[in-house]
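[1] Here is my input, please return the structure:
(one chain, ligands or ions: 1)
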Amino acid sequence: MNFEPIDPSSLSSLIKGRRTVKPAAMKKHSQVPDTVIREALENATYAPNHGKTQPWHFVVFSGEALQALNRFQANLYLETAGDSFLDSKFLRMKLQFETVAYSIAIGMKKDMRGNIPEWEEQAAVACAVQNMALTIANRGYGGIWSSGKNLNHPAMKKYVGLSEADLLLGWFLVGEIAIQPPVPPRHPLEMHVIWKVDSND
Ligand SMILES: Cc1cc2nc3c(=O)[nH]c(=O)nc-3n(C[C@H](O)[C@H](O)[C@H](O)COP(=O)(O)O)c2cc1C
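    Below is the predicted model of the structure:
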């Protein structure tokens, strides 16, 4: 083993205790140390990935850059929403920076050698995001994977430096927790697991 095992009950408690924290449940003008974000990103890159492609691509926005991103996202929504446009959603997008301290674009760089199926590359990025979510939660901050709008819009991909072949899988938003979210119910294990094992009875 190339690490010192942590207390198993602490690990389970972190995994079970992590909760999605929406921007509305974050503190106004949240402050999150950049060391926490760096730690989360570093941990993200230790996720498993098939063929050593390391397909993740993160772009970190905060401060002025985050305000500009939120303006861009809101304006793109205005341009593309058509009849489904809602003023409230437009404003929520434009003013996201008022609570969120960091918005991290979750990108997947397409493997041009074409050896690895795209779903495996997406799965590797999702593993990376979970590493990030757990790190953020363990440091006492709130995070959410938000898919938002227009992820596949060419202008949005270009904004975060992704090519047409790459995928933007959402945003990881981080802030200080103002309102602890309720624990969402989980089904009993038996609903999702079938055991085919030898038993002693
Ligand atoms: C790929 C992915 C995309 C998500 N997108 C959104 C989203 O756009 N908006 C949102 O409110 N939550 C989003 N979520 C978070 C879920 O709503 C959240 O995980 C769920 O409510 C369970 O809560 P928990 O994370 O506290 O267990 C997303 C989660 C995943 C895995």
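[2] distance of residue 22 from the ligand?
    To the ligand, residue 22 is 6 Å away according to CB to the nearest ligand atom, to the nearest Å. C-betas here are computed from N, CA, C, even on glycine.
[3] Is residue 26 in contact with residue 178, as I believe?
    Yes. With contact defined as CB atoms under 8 Å, residue 26 counts as touching residue 178 (5.8 Å).
[4] between these two, what contacts are shared?
    Residues touching both residue 26 and residue 178 by CB atoms under 8 Å, 6 or more residues apart in numbering: residue 99.
[5] the more surrounded of those two?
    Each of residue 26 and residue 178 has its neighbours counted (other CB atoms under 10 Å); residue 26 has more, 26 against 14.
[6] which ones are touching the more buried one?
    Contact analysis of residue 26 by CB under 8 Å, 6+ apart lists 99-100, 142, 173, 175-178.
[7] Same question for residue 60.
    Residue 60 neighbours (CB under 8 Å, 6+ apart): 37, 41, 102, 104.
[8] I'd like the mean pLDDT over the helix or strand hosting it, please.
    When elements are assigned from DSSP states H and E, residue 60 belongs to strand 56-61. What strand 56-61 shows for mean pLDDT is 98.
[9] Just checking: what are the partner strands of that strand?
    Next to strand 56-61 in the sheet, as set by DSSP bridges, lie strand 102-108 (antiparallel).
[10] So which other helices or strands are in contact with the helix or strand following the strand it pairs with?
    Later in the chain than strand 102-108, the nearest helix or strand by DSSP H and E is helix 118-138. Using 3 or more CB pairs under 8 Å, 6 or more residues apart in numbering; DSSP states H and E, the elements in contact with helix 118-138 are helix 8-17, helix 34-44, strand 56-61, strand 102-108, strand 142-146, strand 167-175.
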